[in-house]
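> structure of the sequence below:
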Amino acid sequence: MADLVLMTDRLVDPTFWKGKRVLLTGHTGFKGGWAAVWLNRMGAEVTGVSLPPEGNHSLFDTVVKPLPITSHILDIRDREALAKVVKDADPEIVLHMAAQALVRRSYREPVETYEINVMGTVNLLHALVPCEAVKAVLIVTSDKVYQNNDDGHAFTEEDRLGGDDPYSSSKAACEIATASLAKSLFADRPVKIATGRAGNVIGGGDFSEDRLIPDIWRAAEQGQAVTLRFPEATRPWQHVLESVSGYLTYLQQLWFDDADRLPSALNFGPRGGEVITVGKIAAEVQAAFGINSDWHLDQMKQPPEKSYLALDVSLAKSALGWQSRWQPEKTLEKTVAWYAAYTGGQDMSQMTLSQIEDYESQKT
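The predicted structure is shown next:
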C-alpha cells in the first residue's frame, strides 16, 4: 500500500478522485457537506443522498447546494427510493455519512435513531449488492462505538464494541451489521467494505443542536455566555477536515487493496490521542468570539454522558500513513474564522475552499 501513499505529496490525491462516481450519503449535514465540497473540488461525480438540512442555518444551503452535484433529498429508511437512486447513480465509491448523530436526541427518539443508523445502513448495503461498478465502501460510525467504562484508556480498534446510550449502541450495532453483510452479501464480490470511527469533530458550518461550537456561536450572536452540561468531560477534538481526509485516504487505499491487507475498521482522531476538556474548549472559543463572560453550568438534570473519551489512532498511521495535521490551536482558529466570516456576510464558498486548500498544503 505504500506505493499509493507516495503517488502524491498529499494523502488525499486529486488525480485519483477526478471522474470517480461517488455516492455520498448525508451530504446536507456538517461532515457530509465538507466532504461534498472537497470531492467536487477534485472533480469527482458526486451523487448526494440525505434528509433536508435542519434549522435556519446550514452548510448545505450556504455552500453545497450551488455545487454541480446530483442531490437527492430522501430518507435512507425508504428502501425502495434508496435502491432506485443507488441503481441510477451506479457508484464506484460509497461514503456513508447519513445518520442520527446526536446523543441527547437519541434519548428522546431511540426508535428513529436505531432505524436510521442500523436499518438505514442495511438498506444502503443491500441496495449496493447488484451494483457491478462499486469497489470501495466506507461506513462512517463514531468514536462512541466502544464499551466505555470511563477507565481513561485510549480505545483501539480491537476494543469491545458497546454503548450505554441509544446513539452509541446504534453505531456499535451498525458496525456489527456492516461486518456481517460484508462477509455474507458481498462474499463473492471484489468490494472492499470498511468502517471509520472519528473523534469529536468541530469546524465551520456546524449548526446542529446540542453541539458545543454551534451552541457557543448562537450564544455569541445573542450576546450571552454558553451553558455547559459536562465541562470537565474530555473529548478527542479534531477539525472536520481531519476526519474527512482520513475517510478519503481510507477509500483510496481500499480501492487498491487487492491483497486484503487493510484493517476493516480504523480510528481517526487527534495525534497522540490528545484530549481537551469541554470547559477549556468553551473558554477559548468564547474568547475568540469576543465574549467576555464565562460559561455557565446547566443545573438541569441531564442524560448521562461519559467523562473520558480518547482514541488510539496509531493503526491509521501504520496502515494508511495518515495522521492529524492541525494542532488544537489551529483547529480553533480555523473554526472561529469560518463562523466570523459567515456572520460578516462573506463569500462562504471561497472561505470553505480556502480552508481545504490550506489543509492540503499542511505538512503532517
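> ok, residues contacting the longest helix belonging to the chain?
Ordering each helix of the chain by length in residues (DSSP state H) puts helix 166-184 first. Contact partners of helix 166-184, identified using Cβ atoms under 8 Å, 6 or more residues apart in numbering, comprise 99-103, 105-107, 110, 113-114, 117-118, 121-122, 125-126, 139, 141-142, 144-146, 148, 161-163, 191, 193, 195, 264-265. C-betas here are computed from N, CA, C, even on glycine.
> of those residues, select the buried ones using a ChimeraX command.
Listed next is the ChimeraX selection for buried residues among the contacts of helix 166-184, using 16 or more other Cβ atoms under 10 Å:
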select :99,100,101,102,103,105,106,110,113,114,117,118,121,122,125,126,139,141,142,144,145,146,148,161,163,191,193,195,264,265
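> take the contacts of helix 166-184 and keep only those in helices.
Val103, Arg105, Ser106, Tyr107, Pro110, Thr113, Tyr114, Thr121, Val122, Leu125, His126.
> check contacts around the last one.
The one in question is His126. Contacts of His126 by Cβ under 8 Å, 6+ apart are Arg79, Ala83, Leu181, Leu185.
> by neighbours, which of the residues you listed wins?
With neighbours taken as other Cβ atoms under 10 Å, the top of the contacts of His126 is Leu181, carrying 20 neighbours.
> any idea how far it lies from Met119?
Going from Leu181 to Met119 by Cβ to Cβ, to the nearest Å gives 12 Å.
> please apply the same query to Phe30.
Here Phe30 is placed at a distance of 22 Å from Met119 (Cβ to Cβ).
> Val12 now?
Applying Cβ to Cβ to Val12 and Met119 gives a distance of 31 Å.
> these two: who's more crowded?
For Val12 versus Met119, the count of surrounding residues by other Cβ under 10 Å is larger for Val12: 23 against 18.
> residues near the spatially closest residue to that one that is not a sequence neighbour, how many?
Closest residue to Val12 apart from its sequence neighbours, by Cβ to Cβ, 6 or more residues apart in numbering: Leu248 at 4.7 Å. Using other Cβ under 10 Å, Leu248 has 25 neighbouring residues.
> and for Asp164?
Neighbour number of Asp164 under other Cβ under 10 Å is 15.
> please begin residue numbering at 204 from this point
Right, with 204 as the first residue, what we last looked at is Asp367.
> what sits against it?
Residues counted as contacts of Asp367 (Cβ under 8 Å, 6+ apart) are Asn351, Pro507, Lys509.
> what's the answer for Lys338, then?
Lys338 neighbours (Cβ under 8 Å, 6+ apart): Glu295, Ile296, Pro393, Val394, Lys395, Leu457, Trp458.
> name the nearest residue to the fifth one, ignoring sequence neighbours.
Read that as Lys395. Nearest residue to Lys395, sequence neighbours excluded (Cβ to Cβ, 6+ apart): Leu457, at 4.0 Å.
> check which helix or strand that neighbour maps to.
helix 443-459 (DSSP states H and E).
> what score does the residue nearest to Lys395 have for pLDDT?
Per-residue pLDDT puts Leu457 at 97.
> quick one: it from Ala292, how far?
19 Å.
> low-scoring pLDDT stretches of the stretch 204-353 of the chain, where are they?
Residue ranges of the stretch 204-353 of the chain with pLDDT under 70: 204-213.
> can you pull out the strands in it?
With strands called from DSSP state E, counting those that start in this stretch, the stretch 204-353 of the chain shows them at 224-228, 248-253, 273-276, 296-299, 339-343.
> hmm, back to that, PyMOL command for the buried members of the contacts of Lys338?
Of the contacts of Lys338, the buried ones can be selected in PyMOL as follows, counting by 16+ other Cβ under 10 Å:
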select buried, resi 295+296+394+395+457+458
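> circling back to that earlier point, pull the most distant pair out of the ones in helices among the contacts of helix 369-387.
Farthest apart among the ones in helices among the contacts of helix 369-387 by Cβ to Cβ are Tyr310 and His329. That separation is 28.7 Å.
> quick check: buried residues in the strand or helix carrying Tyr562?
Taking DSSP H and E as the criterion, Tyr562 maps to helix 551-564. If you call a residue buried by 16+ other Cβ under 10 Å, then helix 551-564 has these buried ones: Met551, Met554, Thr555, Leu556, Gln558, Ile559, Tyr562, Glu563.
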